[in-house]
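K.L.:
Quick one, fold the following:
(one chain, ligands or ions: 1)
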Amino acid sequence: MRNVEEALGASPPDPMVAAALAQRAALKRLCGEGLDGRRLIIASNRGPVEFFERDGQVAQRKGQGGLVTAISAMIGSCETHWVAAAMTPLDARIARQHGGRVHVEVNGHGLDVSFVNPTRTQYARFYDQVSNAVLWFLQHNITNPPIHPTFDQSLWEAWEDGYVAVNRLFAEHLATLTEHDDVPPVFMIHDYHLYLVPGMLRQRFPNALIQHFTHIAWPASDAWRQLPGPIRESIMTHLLGCDVVGFHCKRYVNNFLTTCVELLGLPVDFEAREVIVGDRRVQVRHYPISIDPAALLALADSPTVRRIEAKIMAKRPPHLIVQVARTDPSKNILRSFHAYEHFLDQWPEWRGRVQMLGLLPLSRQTTELYKEYVDELLQVADRINRESGEPGWQPIALFLENDYPRAIAALKNYDVLVVNSIADGMNLVAKEGPVVNRRAGALILSESAGAVDELGEASLVVNPFDLVGTAQAFHDALTMRPAERSWAHAAQREAIRANTIYRWAHDQLYDLLVAPASGMPGAVTFIPATVEGAAATSATEEVNP
Ligand code: GDG
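P.N.:
Reported below is the predicted structural model:
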């Protein structure tokens, strides 16, 4: 893939690319000045790379998922060490050898990586039984009554010997790594797998700067009553070991603050967005995650993507509805099929002229519920194709492969992009689509995706459970006047330009490093000083929307 500077190639530069460069420059400067010799230590379940054997040689590939792509943006701006769980046998071997640490290149920048290496049973309990089967569902409003979740002996053991144990392994590894640092490091801990690490670190390092960022939704306090008291209290009190607790949007910040009051009885300053814990004040802030438009546009223009795009274009009917999502029940793909079927029934004039193209990489297929979900997706799509299709017209086409270039090729060519998640921390696809799309396509967006805060005004917002409303949105999107489509597309791009992934990283570090020392209120004060080259003029406006 070409790098950011090469993506600038033609002049004048795409304003998105210019904004990304300016915000990246501001991040780099902040790292240089603000970190002041401190090391940045990142921890997440999945790391930036995974090692495997190919033809007897050690090879490495990028770790999967939006989180890895997002955090990788920080690399290159400062000295970074990233700790993750071993995902492959080779990762585990590296964890046991080389002092557990390797130096790798990610996005052309070097960083140190090390792995914690839980036993297979510990990891299954931590990841499958607690993180995914309990926390993921709870936080995505997916309830499966009458028996899920049930804290029987097995789930209590999974909590103690899996979730708590693996969090402890992370905390111990992080402590060993940094105990000889002259200045206390900056710890950035990521996501729902590692809620306990901040509190464990705080006990060891009273003066460290600790931040946790939750990549998924944080629901209101009643949802947390699904967990037995000691478990939910442990999660909350350990998170409050942070200096800053971060979420994607204001709604989750408010939910967290209210949860502190209602479940822990702690005093909270709602105006300052602070929880008072003894003599400490914990900041609770929102940082909407984003994308790197420069890297994305470079990929969208690559020969690989163009090749796939040509195939899509050769087969497509005049109108294309696209959905890009892991086969996760939270992404609500099944309901979009049903809504599409209802749309075809209500407005038969669209038959033969439209196709729904699903790019749906398989997810968590070791879990029965996820396998059943895929079976049902395939059955429903097949039934709709049999009952509604005609010779020469297939209403739904699906690709279940893990194929990121194909996803980008499809996103370049949608007339309608549908993101109808039941709940979604942010949803990066909703931001990637408008950046690469060439047809000023319309965006149908769930009112329960974090992205709705920034993109809602320029989208057709739907309730994810409402099939009739979603069918209506398909019709409205496909019949939108060209001028309206162009306005909406431009407004979506403007929202993304103002807040690229570099600003997401910048604002968190600003709140952690600069705001407390200066008495400044927080990242809303983000003002880049000088910026690099062509980006200079637009940048100062962009980052202060
Ligand atoms: C979690 C939160 C939050 C698409 N097809 C393939 C592929 N993709 C890319 C997408 C996008 C990423 O994967 C998925 O990110 P999302 O944000 O849409 O969803 P989650 O995976 O659930 O991410 C979410 C995010 O964390 C970041 O904080 O926004 O709310 O749930 O970039 O284009 N990637 C690969 N193969 C594909 O076939 N490798």
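K.L.:
Could you find the closest non-adjacent residue to Trp82?
P.N.:
Once flanking residues are discounted, Trp82 sits nearest to Ile42: 4.6 Å by C-beta to C-beta, 6 or more residues apart in numbering. For glycine as for every other residue, the C-beta is placed from the backbone atoms N, C-alpha and C.
K.L.:
quick check, the one you found in a helix?
P.N.:
No. Ile42 sits outside any helix when classified using DSSP: H, G, I helix; E, B strand; the rest coil, being strand.
K.L.:
how many neighbours does it have?
P.N.:
Using other C-beta atoms under 10 Å, Ile42 has 23 neighbouring residues.
K.L.:
For it, name its beta-bridge partners.
P.N.:
Trp82, Met188 (DSSP bridges).
K.L.:
ok, it - contacts?
P.N.:
Counting by C-beta atoms under 8 Å, 6 or more residues apart in numbering, Ile42 makes contact with Ile71, Met74, Thr80, His81, Trp82, Val83, Met188, Ile189, His190.
K.L.:
Skipping adjacent residues, who's closest to the fourth one in space?
P.N.:
Right, His81. Spatial nearest neighbour of His81, excluding adjacent residues (C-beta to C-beta, 6+ apart): Asp112 at 4.4 Å.
K.L.:
circling back to that earlier point, report the separation between the residue nearest to Trp82 and Pro317.
P.N.:
Distance, Ile42 to Pro317, by C-beta to C-beta, to the nearest Å: 45 Å.
K.L.:
With Tyr192 instead?
P.N.:
From Tyr192 across to Pro317, the span is 40 Å (C-beta to C-beta).
K.L.:
Neighbour count for these two, which is higher?
P.N.:
Taking neighbours as other C-beta under 10 Å, Tyr192 and Pro317 compare with Tyr192 leading, 22 against 14.
K.L.:
Over to Gln323. Which of the three states is it?
P.N.:
strand.
K.L.:
And the pLDDT at it?
P.N.:
We have a pLDDT of 98 for Gln323.
K.L.:
May I have the beta-bridge partners of it?
P.N.:
According to DSSP bridges, beta-bridge pairing links Gln323 with Gly358.
K.L.:
ok, Pro329 touching Ser421?
P.N.:
No. Assessed by C-beta atoms under 8 Å, Pro329 is found out of contact with Ser421, at 9.9 Å.
K.L.:
So for these two, which sits in the more crowded spot?
P.N.:
Higher neighbour count among Pro329 and Ser421: Ser421, with 30 against 22, using other C-beta under 10 Å.
K.L.:
Check the residue of the stretch 151-300 of the chain found nearest the ligand and give its pLDDT.
P.N.:
Across the stretch 151-300 of the chain, no residue is closer to the ligand than His215, which sits at 3.5 Å (C-beta to the nearest ligand atom). We note a pLDDT of 96 for His215 in this prediction.
K.L.:
and it, how many residues sit next to it?
P.N.:
When counting by other C-beta under 10 Å, one arrives at 21 neighbours for His215.
K.L.:
Could you list the contact residues of the stretch 251-400 of the chain toward the ligand?
P.N.:
Selection of the stretch 251-400 of the chain residues close to the ligand by C-beta under 6 Å from any ligand atom yields Ile289, Val324, Arg326, Leu359, Pro361.
K.L.:
I'd guessed the last one sits against Arg406; true?
P.N.:
No. Under the contact definition of C-beta under 8 Å, Pro361 does not touch Arg406, with a separation of 9.4 Å.
K.L.:
So which of those two has more stuff around it?
P.N.:
More crowded of Pro361 and Arg406, by other C-beta under 10 Å: Arg406, with 21 against 18.
K.L.:
Just the helices from the stretch 351-500 of the chain, written as ranges.
P.N.:
Ranges of helices in the stretch 351-500 of the chain, per DSSP state H, counting those that start in this stretch, are 368-388, 404-411, 429-436, 452-455, 467-478, 482-498.
K.L.:
Burial check on the closest residue in space to Gln226 that isn't next to it in sequence, number of neighbours?
P.N.:
The shortest distance from Gln226 to any non-neighbouring residue, by C-beta to C-beta, 6+ apart, is to Leu138 (5.3 Å). Look at Leu138: counted by other C-beta under 10 Å, it has 21 neighbours.
K.L.:
who touches the helix or strand containing Leu138?
P.N.:
According to DSSP states H and E, Leu138 maps onto helix 137-139. Here helix 137-139 makes contact (C-beta under 8 Å, 6+ apart) with 143-144, 148-149, 192, 216-219, 223-224, 226-227, 423.
K.L.:
chain center to it: distance?
P.N.:
16 Å (C-alpha atoms, centre = their mean, to the nearest Å).
K.L.:
Then stretch 284-300?
P.N.:
Centroid separation between stretch 284-300 and its chain, computed with C-alpha atoms, centre = their mean, is 10 Å.
K.L.:
tell me the mean pLDDT for that stretch?
P.N.:
Per-residue scores along stretch 284-300 average to 94.
K.L.:
just the strands in the stretch 101-250 of the chain please.
P.N.:
Along the stretch 101-250 of the chain, counting by DSSP state E, counting those that start in this stretch, strands occupy 101-106, 109-116, 186-190, 209-213, 244-247.
K.L.:
On the pLDDT front, check the residue of the chain positioned farthest from its centre for me.
P.N.:
Most distant residue from the mean C-alpha position of the chain: Pro391, 39.8 Å away (C-alpha atoms, centre = their mean). If you check Pro391, the pLDDT there is 95.
K.L.:
Next: Gly47.
P.N.:
pLDDT, Gly47: 87.
K.L.:
how about the closest residue to it other than its chain neighbours, secondary structure?
P.N.:
Of all residues not flanking Gly47 in the chain, Ala84 sits nearest, at 2.8 Å (C-beta to C-beta, 6+ apart). For Ala84, the assignment made with three-state DSSP gives strand.
K.L.:
Now do the contacts for Ala84.
P.N.:
Ala43, Ser44, Asn45, Arg46, Gly47, Pro48, Gly63, Val113, Phe115, Val116.
K.L.:
Against the ligand, how distant is it?
P.N.:
Going from Ala84 to the ligand by C-beta to the nearest ligand atom, to the nearest Å gives 15 Å.
K.L.:
I'd like to know how far that residue sits from Gly63.
P.N.:
From Ala84 to Gly63 the distance is 7 Å (C-beta to C-beta).
K.L.:
which neighbours do these two share?
P.N.:
Common contacts of Ala84 and Gly63 (C-beta under 8 Å, 6+ apart): Arg46, Gly47, Pro48.
K.L.:
Would you format these as JSON lines with secondary structure, distance to the ligand and neighbour count included?
P.N.:
Converted to JSON lines, the shared contacts of Ala84 and Gly63 look like this (DSSP: H, G, I helix; E, B strand; the rest coil; distance: C-beta to the nearest ligand atom, whole Å; neighbours: other C-beta atoms under 10 Å):
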{"residue": "Arg46", "secondary structure": "coil", "distance to the ligand": "11", "neighbour count": "18"}
{"residue": "Gly47", "secondary structure": "coil", "distance to the ligand": "15", "neighbour count": "25"}
{"residue": "Pro48", "secondary structure": "coil", "distance to the ligand": "13", "neighbour count": "23"}
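K.L.:
ok, these vs Glu484, which is closest?
P.N.:
Arg46 (40.1 Å; C-beta to C-beta).
K.L.:
Output the strands of the stretch 101-250 of the chain as CSV; include the columns distance to the ligand and mean neighbour count.
P.N.:
Shown next, in CSV, are the strands of the stretch 101-250 of the chain (distance: least, C-beta to the nearest ligand atom, whole Å; neighbours: other C-beta atoms under 10 Å):
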stretch, distance to the ligand, mean neighbour count
strand 101-106, 15, 16
strand 109-116, 19, 20
strand 186-190, 9, 26
strand 209-213, 8, 24
strand 244-247, 10, 26
